[in-house]
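Chemist: Got a predicted structure plus its sequence, pasted below:
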Amino acid sequence: MGDTMKEDSQNIHQRIQSFAADYFSFLARTFPVMCASDEFHFMPRAEEACRFYGYLDSMGKTSIQDCTNRLKAYRRDLDHMLEDPVFRSIDQGKVCQTILEDYIDLYLLKSSLSAMFIEFEYKRSWEHDPLLYLKIGFIGIDHALGKPASSNREQVDRARNRLESVPSLLKNAQRNLGVVPDLYHRSAQQMGEDCSAYLDEIAAAFSEQEGLIKAVAQSAQALVTFREYLENKHPSSENLAAPEVYLEKTLRDHFQVSIDIPEIMDIARTQWDENLRLLEEIGSQAGRGKGWLEQYSSISPGELHNMETLELYKSENRRLREHFASQWSGGVEVEAPLRILQTPRYLRSIRGSASFSAAFSGDPREESLFYITTVLSDAADSRRLHDRLHREYLFLTAHETFPGHHYLDSTRRSISNPMRRQIESPLFYEGWATYAESLLLETGYVKDTLEKLVFHKRNLWRAARCLVDVGLTAGLMGMEESQRLLVSSGFREGEAASQLKRFRLNPGYQLCYSLGLHEILKLRGSCGTLLGNDRFHQLLLGGGELPFSLIELRLKNLA
């Protein structure tokens with residue numbers, strides 16, 4: 001590289017670093033709860049948010065408009081940097097890796113900005129989704145109480161501050177909300193009930209903290225008022241207008257994929273057909289005169305079936321970590337400790353029975369959390385949930401811990417590049433965790449025929465989720481057809497209806513499992529041979545959760 005080009009490269013690198021620092025700092029100050037939680041997948045994990053555990057997000061109309069204007073200014077600056085002459089060599093084959101990495105950083109930042117524009121300016125969830133405010137308020141309280149603190153006093157003080165801010169947050173919700181679709185309306189009522197119970201739990205746990213108890217009472221009264229507001233607000237029977245527009249923008253601008261909606265449906269149908277074929281083949285081989293679904297339903301993994309669920313998953317997490325440490329030449333380095341625990345009461349109505357919540361700050365004391373729901377209100381449903389969690393524990397643990405989400409997040413958080421460290425992609429995130437399950441078969445960890453049946457049943461379910469998500473959002477499938485498809489993948493009618501409800505709360509997310517897996521397998525096909533599997537995995541995760549077209553460009557340049 002010539003001296004002039006090197007100087008130009010250094011200048012643009014410094015500009016990008018300065019831009020990113022300002023961008024993350026602004027978001028951390030403005031939206032400290034959303035930046036600290038992966039519940040809000042459109043928001044980067046801005047680490048500076050750990051300085052603001054005593055504050056809730058600015059959700060007034062003026063603040064949101066000011067934020068949108070600031071984002072527009074960031075976008076103008078970003079587009080200007082992308083036009084820098086230093087990047088002209090990118091399209092000319094192999095290029096200087098430093099220049100390429102800066103180019104990738106800019107497109108990663110552009111992807112992040114696009115996600116927020118879709119949320120605030122197009123979807124405008126803040127105008128129709130009461131769940132947004134409940135999640136900000138109560139995830140915020142949970143973080144104030146649970147994230148690392150210098151003392152118990154600091155922990156209590158910041159929780160009190162956030163509790164005292166809940167009334168203002170919920171008043172902003174009432175000012176901002178216009179038409180609320182029925183699905184969001186009903187889900188917010190359920191979450192509101194759970195949040196009330198969660199406040200009772202806090203009051204019982206901190207009964208001697210007079211100031212905190214007073215703040216709990218203020219928050220509880222504000223929640224009562226908000227729930228009454230929702231009860232008196234007539235919900236709309238219509239879903240959001242033109243959700244296919246948000247889906248197309250998400251694919252193009254946030255995920256930066258060139259695949260269109262019909263192609264995604266074809267990918268999901270192919271995955272459905274292939275996994276159904278394998279299920280029927282395995283079912284036939286296993287014999288016993290039963291179909292694959294009947295065989296799945298009869299699986300009872302010996303003494304493990306009676307083992308306490310959380311202990312089963314803790315034990316499996318340890319086994320998987322040891323297995324992949326021996327399989328991969330680089331081992332498995334993980335910084336954040338992992339805690340496996342019951343899903344908090346306030347999250348049960350909006351999260352699946354097993355979910356992951358990553359640590360986000362640089363504090364080594366901060367834990368990543370693997371939430372598991374083991375008890376439902378109905379005893380029969382609880383038994384069925386227990387059976388499913390115990391049948392699928394191998395793959396659920398792999399998906400959420402090793403080599404899935406926990407390993408991926410720990411790797412991301414260890415990256416020195418601040419953009420790669422703080423920006424996640426749902427497409428990469430869920431695609432990798434789905435791919436991680438397949439590594440149990442590939443590395444010989446799973447050999448049993450019925451365990452393979454469970455694996456393909458889970459993939460069949462994910463293909464159904466993708467078809468339902470895209471089909472409903474784009475108007476290609478109806479509710480009855482969608483529910484029948486979920487039933488065909490192994491769910492009872494009631495379970496399918498519940499799944500469908502949860503999927504529809506976040507359109508465009510469920511496709512990430514199948515499409516992300518498709519993209520990783522395609523990438524492995526094009527680059528895995530050049531790099532070898534170990535180096536492919538290391539470079540794939542070590543580069544951050546990038547758009548897949550940029551990953552391919554990066555890997556081929558490194559090969």
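Modeler: Sure thing, it's come through.

Chemist: Give me the below-cutoff pLDDT ranges for the stretch 251-400 of the chain.
Modeler: 287-289, 301, 330-335 (pLDDT under 70).

Chemist: same thing but at 80, please
Modeler: For the stretch 251-400 of the chain, the stretches flagged by pLDDT under 80 are 286-289, 300-305, 329-336.

Chemist: can you give me the strands for it?
Modeler: Along the stretch 251-400 of the chain, the segments classed as strands by DSSP state E, counting those that start in this stretch run 338-342, 354-357, 368-372.

Chemist: Next one, pLDDT for Lys94 please.
Modeler: Lys94 is assigned a predicted lDDT (pLDDT) of 68.

Chemist: after the longest helix anywhere in the chain comes which helix or strand?
Modeler: Of all segments of type helix in the chain, defined using DSSP state H, the longest is helix 3-30. The element immediately downstream of helix 3-30 (helix or strand, assigned by DSSP states H and E) is helix 32-36.

Chemist: Arg492 - how many residues pack around it?
Modeler: 12 (other Cβ atoms under 10 Å). (Each C-beta comes from the backbone N, C-alpha and C, glycine too.)

Chemist: now the one 5 residues further on
Modeler: The criterion is other Cβ under 10 Å. On that basis, Ala497 has 15 neighbouring residues.

Chemist: how much space between it and Ser514?
Modeler: For Ala497, the distance to Ser514 equals 21 Å [Cβ to Cβ, to the nearest Å].

Chemist: List the buried residues of the longest helix of the chain.
Modeler: 8-9, 12-13, 15-16, 19-20, 23-24, 26-30 (16 or more other Cβ atoms under 10 Å).

Chemist: Who are the packing partners of that helix?
Modeler: helix 61-82, helix 97-117, helix 418-422 (3 or more Cβ pairs under 8 Å, 6 or more residues apart in numbering; DSSP states H and E).

Chemist: Between the ones you listed, which one is closest to Ser488.
Modeler: With Cβ to Cβ as the criterion, Ser488 lies closest to helix 97-117 of the helices and strands packed on helix 3-30, at 32.6 Å.

Chemist: buried set for stretch 355-370?
Modeler: For stretch 355-370, using 16+ other Cβ under 10 Å, the buried residues are Ser355, Phe356, Ser357, Ala358, Ala359, Phe360, Ser361, Glu366, Glu367, Ser368, Leu369, Phe370.

Chemist: Any idea how far that stretch is from the middle of the chain?
Modeler: 13 Å (Cα atoms, centre = their mean, to the nearest Å).

Chemist: and Leu467, what element?
Modeler: Using DSSP H and E, Leu467 sits in helix 449-473.

Chemist: Ok, Leu515 next?
Modeler: helix 511-523.

Chemist: Let me have the helices and strands packed on helix 3-30 in CSV, extended by mean pLDDT and distance to Gln221.
Modeler: Formatted as CSV, these follow (pLDDT from 0 to 100; distance: least, Cβ to Cβ, whole Å):
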stretch, mean pLDDT, distance to Gln221
helix 61-82, 96, 24
helix 97-117, 97, 32
helix 418-422, 97, 37
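
Chemist: Out of the ones you listed, which gets nearest to Ala36?
Modeler: Taking these one by one with Cβ to Cβ, helix 418-422 is closest: 11.3 Å.

Chemist: Residues in contact with the closest one: which ones?
Modeler: 16-17, 20-21, 24, 44-47, 105, 108-109, 412-415, 543-546 (Cβ atoms under 8 Å, 6 or more residues apart in numbering).

Chemist: Buried ones only from those residues, please, as a ChimeraX command.
Modeler: Command for ChimeraX that selects the buried part of the contacts of helix 418-422, burial taken from 16+ other Cβ under 10 Å:
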select :16,20,24,44,45,46,47,105,108,109,412,413,415,543,544,545,546
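
Chemist: quick one on the thing from earlier: let me know which of the helices and strands packed on helix 3-30 is the nearest to Phe402.
Modeler: Of all those, helix 418-422 comes closest under Cβ to Cβ, at 20.2 Å.

Chemist: sorry, back to before: of all the buried residues of stretch 355-370, which comes closest to Gly302?
Modeler: Phe370 (23.3 Å).

Chemist: Which one, of the strands of the stretch 251-400 of the chain, ends up nearest to Ser63?
Modeler: Comparing these under Cβ to Cβ, the one sitting nearest is strand 354-357, at 25.8 Å.
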